[in-house]
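Colleague: what shape does this take:
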Amino acid sequence: MVFVSETGNTTLGGAQAEVKGEENGGTALLRQELTKLKENYDQLNQRYLYLRAEYENLIKRTQREIDEIKSVANERTIKRIIDLRESVNVALGMIKGRADQPVVDGFELIKAKIEELLTSEGVSEVKSIGQKFDPYYHEVAGVVESDLPDGTIIEEIRTGYLINGKVLRPSIVKVSKRRVG
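Modeller: Numbering: from 1, shown residues only. Down below sits the predicted model:
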């Protein structure tokens with residue numbers, strides 16, 4: 001093995017020999033080359049770290065986008081189920097007292113299954129009647145003079161729904177306006 005010391009001496013199996021000027025210049029070239037390689041390594045390592053961080057950010061961003069798409073699709077489906085629920089409620093109101101009990105029972109069963117499905121998906125109704133109007137949860141369809149404080153909801157025209165605490169569909173309501181005199 002050959003070892004080169006700082007002074008330019010070369011050790012060969014324990015024997016020392018003076019390194020000629022040309023060989024000493026070769027050591028300097030090797031050191032320069034080593035420095036260049038280290039700088040190149042550092043640049044490549046920085047580039048690798050940057051690309052790795054970019055890749056991890058891409059994965060996170062893609063996952064957020066997938067979750068958002070799933071959420072929108074889920075909300076769209078839930079809205080259709082809510083429409084179905086309301087249709088079943090209207091049909092149930094129309095047949096009660098007019099249809100045979102097994103038919104009414106069948107509609108009641110369908111209504112219960114729809115309610116169960118909506119509850120399992122985190123859907124709940126917006127509380128309206130008697131509540132103070134909140135534009136986040138309610139839309140005003142009319143104002144009615146009343147003895148109640150201004151902005152109290154006195155009638156619900158269409159039920160609103162929340163999904164996991166987020167408004168899926170606001171309630172359409174009528175609110176009170178205090179009578180004068």
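
Colleague: could you use CA atoms for every contact and neighbour count after this?
Modeller: OK.

Colleague: quick one, strands of the protein?
Modeller: 2-4, 10-12, 15-17, 123-125, 138-146, 153-158, 161-163, 166-169, 171-178 (DSSP state E).

Colleague: and those, which one averages the lowest pLDDT?
Modeller: Lowest mean pLDDT within the strands of the chain: strand 15-17, a mean of 43.

Colleague: ok, back up a step: most tightly packed of the strands of the chain?
Modeller: Most buried of the strands of the chain by mean neighbour count (mean count of other C-alpha atoms under 10 Å) is strand 171-178; its value is a mean of 22.

Colleague: between strand 138-146 and that one, find me the angle.
Modeller: Calculated by axes from the mean of the first three to the mean of the last three C-alpha atoms, to 10 degrees, strand 171-178 forms an angle of 30 degrees with strand 138-146.

Colleague: how far does strand 171-178 sit from the chain's center?
Modeller: With C-alpha atoms, centre = their mean, to the nearest Å as the basis, strand 171-178 stands 33 Å off its chain's centre.

Colleague: swap in stretch 121-133?
Modeller: Using C-alpha atoms, centre = their mean, the mean C-alpha position of stretch 121-133 is found 24 Å from that of the whole chain.

Colleague: redo the strands of the chain as JSON lines? Include distance to Leu92.
Modeller: Listed next are the strands of the chain as JSON lines, based on distance: least, C-alpha to C-alpha, whole Å:
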{"stretch": "strand 2-4", "distance to Leu92": "97"}
{"stretch": "strand 10-12", "distance to Leu92": "102"}
{"stretch": "strand 15-17", "distance to Leu92": "106"}
{"stretch": "strand 123-125", "distance to Leu92": "19"}
{"stretch": "strand 138-146", "distance to Leu92": "26"}
{"stretch": "strand 153-158", "distance to Leu92": "17"}
{"stretch": "strand 161-163", "distance to Leu92": "21"}
{"stretch": "strand 166-169", "distance to Leu92": "23"}
{"stretch": "strand 171-178", "distance to Leu92": "22"}
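
Colleague: how about those, which one is nearest Lys96?
Modeller: Lys96 lies closest to strand 153-158 among the strands of the chain, at 21.6 Å (C-alpha to C-alpha).

Colleague: neighbouring strands for that closest one, and are they parallel or not?
Modeller: strand 171-178 (antiparallel) (DSSP bridges).
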